[in-house]
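**Q** just need the structure, nothing else, for what follows:
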Amino acid sequence: MKISDFLVRELGRRQVVLFFLLATSLYVLPLILADFPYIDDNWRALAAGDAWAGQGRLFADWFYQALTFTGAAPDIFPLPLIIATVAMSLALTRLTFHYFPEPTLASCLVALPLWYNPFLLQNLSYQYDGPSMALSLVAVIYAITFHGSSKVQRWLVPATLLALAIGLYQISLNVFLGLCAVELVRAIARQTDVLEMLGCKLAQLVLGILIYAITAYPFMESGRGELLQWSADPLLQMGINIGRVSDKVALLFHSGYAWVFAGLVLCALFGAVRISTQVFQHRKQALAFKLISLLTLPVLMLLIPGITLIFRDFNEGARTLMGFGVLLVLLFYLAHLGLASQHRRLPLLLIVPLLATLSLSFAYGRVLTMQKTFANHALYSLSHDIAAHRELREAKRIYMSVSYSEHWLIGAAGSFKRLPVLPYLLNVDYYLLAENLPSVGIINVVAERERRNATRVGYLGYPALVESQYYRIYLIGDYGFIVMNEPPRIRSLRW
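**A** Next up is the predicted model:
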């Protein structure tokens, strides 16, 4: 059999699973090789605790308790990520057969953007939280693709899966709503009963939220709930937040990435026009369906940050942009339809944007490795200075004030310039935390959140006991103070 024929022939379920296992594993391979404890991972590994229930994510606690056979969460990375990757492979297989009953290799490419979402890289960077976030996506996919024999099954089982997804990570609700929008487009294209489909999804959504409210929500801490309050002027706040998200998403579209995405959008528009031409000729309510179709894309764009837009304390981190993967799925689906109508091999062109995202994943993995190398060097230097001074070793407490800056990671300056989205994905503008010190035997260093003591010793003329490139250490009585230096700003690098 020729390779060209193999690429367009129908694939069996086993072959589709193997394809997704390979594709999903490649995407997370750079993160596993980097093995970088990311932000919250430092204190979670130190405490081996399970603090997710207080964040409304009870099922994340259960996941780690079941996986580690303990009542807590000792560090077992990368096992949870491997399990989540396998589960995602099975879920994407199910979604592919849901969209294409007789899938080809090109058909598999349509579902893959849910995992090859560039902004999902930040989610997966968390060695503790990443797997539970990925499993929330898996639960959403199974909720969307479930087909029961009775109405009770079609409502209750997806609702339970949706509650599980929200209890693992609340932002996955955006993905469910986005995939419902994709289902709407598919229903219009297949000329099936749109209102029945929407009613079923609405029932699943309401039941899912109710199940979550009964099971996981009561365990949420009151302080966490206050963060989710609406702002005084929701519309104004939403407009401000949309602008902030747009600026962040725009970081992705530079150089060749902009051209690749533009090509994808053009192909998707061609597919959308083809669907509208075929469908609206046979529908009496053509105007109504045109309005629904036109509203689908803006709704999906709003669902990139989703429900977080109206919160008073808006989180603009990349990990909240899980909805961007659903937008890509819709564009891929429409582009597949448009390209397939011209030639059966043309949909294979969808591999180009996926390769671009895979390339970004490996570039991001190298940045994580640089960050880890630099952080370890600073950690060993600080631990050596503390161990070398008896008064610091015996200090009752040493307060550490973190200095935030993006300019310490000089080794990644070239990558940051060519790929501006990388520092946004990295989201680490420090190089050392107090939680890192116990790993080298230093246990009297604690984090100082407000830097009041650092300001006092740093600007009132106290002499530094230790001064290095990265920090200054002061000693006043039985208490020490670590003040991180500001990095030099590098304008250009020429070798």
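**Q** residue ranges of the helices in the stretch 51-200 of the chain, please?
**A** For the stretch 51-200 of the chain, applying DSSP state H, counting those that start in this stretch gives helices covering 58-68, 79-99, 105-111, 120-125, 129-145, 151-168, 172-190, 194-215.
**Q** got the contact list for the first one?
**A** Same thing as helix 58-68. 50, 52-53, 71-74, 76, 79-80, 83, 128-129, 131-132, 135, 164, 167-169, 215-216, 219 (C-beta atoms under 8 Å, 6 or more residues apart in numbering). Any C-beta I mention is one placed from the backbone N, CA and C, and that applies to glycine too.
**Q** just to revisit the earlier point, for the helices of the stretch 51-200 of the chain, which one sits closest to Ile307?
**A** Closest to Ile307 of those, according to C-beta to C-beta: helix 172-190, at 6.3 Å.
**Q** mind listing what's buried in the closest one?
**A** 172-189 (16 or more other C-beta atoms under 10 Å).
**Q** tilt between that helix and helix 129-145?
**A** On the basis of axes from the mean of the first three to the mean of the last three C-alpha atoms, to 10 degrees, helix 172-190 is oriented at 30 degrees to helix 129-145.
**Q** got the angle for helix 172-190 vs helix 79-99?
**A** For helix 172-190 against helix 79-99, the angle by the same axes, to 10 degrees is 20 degrees.
**Q** what subset of the contacts of helix 58-68 is buried?
**A** For the contacts of helix 58-68, buried by 16+ other C-beta under 10 Å: 50, 52-53, 73, 80, 128-129, 131-132, 135, 164, 167-169, 215-216, 219.
**Q** pLDDT of the lengthiest helix in the chain, averaged?
**A** Counting residues, the longest helix in the chain under DSSP state H turns out to be helix 351-388. Mean per-residue pLDDT for helix 351-388: 94.
**Q** list the buried ones in that helix?
**A** 353-354, 356-358, 360-361, 363-371, 374-376, 378-379, 381-383, 385-386.
**Q** residues near Asp429, how many?
**A** Neighbours of Asp429 under the rule other C-beta atoms under 10 Å: 14.
**Q** ok, it - contacts?
**A** For Asp429, the contact set (C-beta under 8 Å, 6+ apart) comprises Tyr404, Ser405, Glu406.
**Q** quick check, nearest of these to Gln237?
**A** Nearest to Gln237, judged by C-beta to C-beta, of those is Tyr404 at 24.8 Å.
**Q** show me the contact partners of stretch 476-488.
**A** Residues outside stretch 476-488 that contact it (C-beta under 8 Å, 6+ apart): 382, 392, 395-403, 405, 407-408, 430, 432, 445, 448, 453-454, 457-458, 462, 465, 469-475.
**Q** picking that back up, please, a PyMOL command that selects the buried ones among the contacts of Asp429?
**A** Remark: buried members of these, expressed as a PyMOL selection using 16+ other C-beta under 10 Å:
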select buried, resi 406
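**Q** any chance of the contacts of Asp429 in TSV, plus distance to Arg244?
**A** Listed next are the contacts of Asp429 as TSV, based on distance: C-beta to C-beta, whole Å:
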residue	distance to Arg244
Tyr404	18
Ser405	21
Glu406	18
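**Q** and of the contacts of Asp429, the nearest to Ala87?
**A** Set against Ala87, the nearest of the contacts of Asp429 by C-beta to C-beta is Glu406 (34.5 Å).
**Q** you'd agree that closest one is up against Pro423?
**A** Yes: shown here, Glu406 and Pro423 form a contact pair, counting by C-beta atoms under 8 Å, at 5.6 Å.
**Q** identify the contacts common to the two.
**A** In contact with both Glu406 and Pro423: Phe416, using C-beta under 8 Å, 6+ apart.
**Q** in the protein, what helix or strand scores lowest on average pLDDT?
**A** Sorting the helices and strands of the chain by mean pLDDT, DSSP states H and E puts helix 452-459 at the bottom, at a mean of 57.
**Q** any weak-confidence spans in the stretch 101-250 of the chain?
**A** Along the stretch 101-250 of the chain, segments meeting pLDDT under 70 span 223-233.
**Q** confirm that Ile398 sits in a helix.
**A** No: in this structure, Ile398 is strand, not part of a helix, as judged by DSSP: H, G, I helix; E, B strand; the rest coil.
**Q** okay but it is in contact with Asn444, surely?
**A** Yes: checked against C-beta under 8 Å, the pair Ile398 and Asn444 is within contact range at 5.5 Å.
**Q** of these two, who's got more company?
**A** A count of neighbours by other C-beta under 10 Å puts Ile398 above the other of Ile398 and Asn444, at 22 against 16.
**Q** if I look at the more buried one, how far off is Leu90?
**A** Separation of Ile398 from Leu90 (C-beta to C-beta, to the nearest Å): 49 Å.
**Q** then Glu448?
**A** For Glu448, the distance to Leu90 equals 46 Å [C-beta to C-beta].
**Q** got the end-to-end distance for stretch 420-432?
**A** Length of stretch 420-432, first residue to last, C-alpha to C-alpha, to the nearest Å: 23 Å.
**Q** brain fart, stretch 73-80
**A** Stretch 73-80 stretches 11 Å from its first residue to its last (C-alpha to C-alpha).
**Q** which residues touch it?
**A** For stretch 73-80, the external contacting residues (C-beta under 8 Å, 6+ apart) are 32, 35, 44-45, 48-50, 61, 63-65, 67-68, 127-128, 130-132.
**Q** what's the neighbour count on the nearest residue to Phe100 once chain neighbours are set aside?
**A** Nearest residue to Phe100, sequence neighbours excluded (C-beta to C-beta, 6 or more residues apart in numbering): Ser107, at 4.0 Å. Using other C-beta under 10 Å, Ser107 is surrounded by 22 other residues.
**Q** does Ser107 touch Thr93 like I think?
**A** No: with contacts counted by C-beta under 8 Å, Ser107 stays clear of Thr93, the gap being 11.0 Å.
**Q** would you confirm that Asp35 contacts Lys372?
**A** Yes: contact criterion C-beta under 8 Å: Asp35 and Lys372 qualify, at 7.4 Å.
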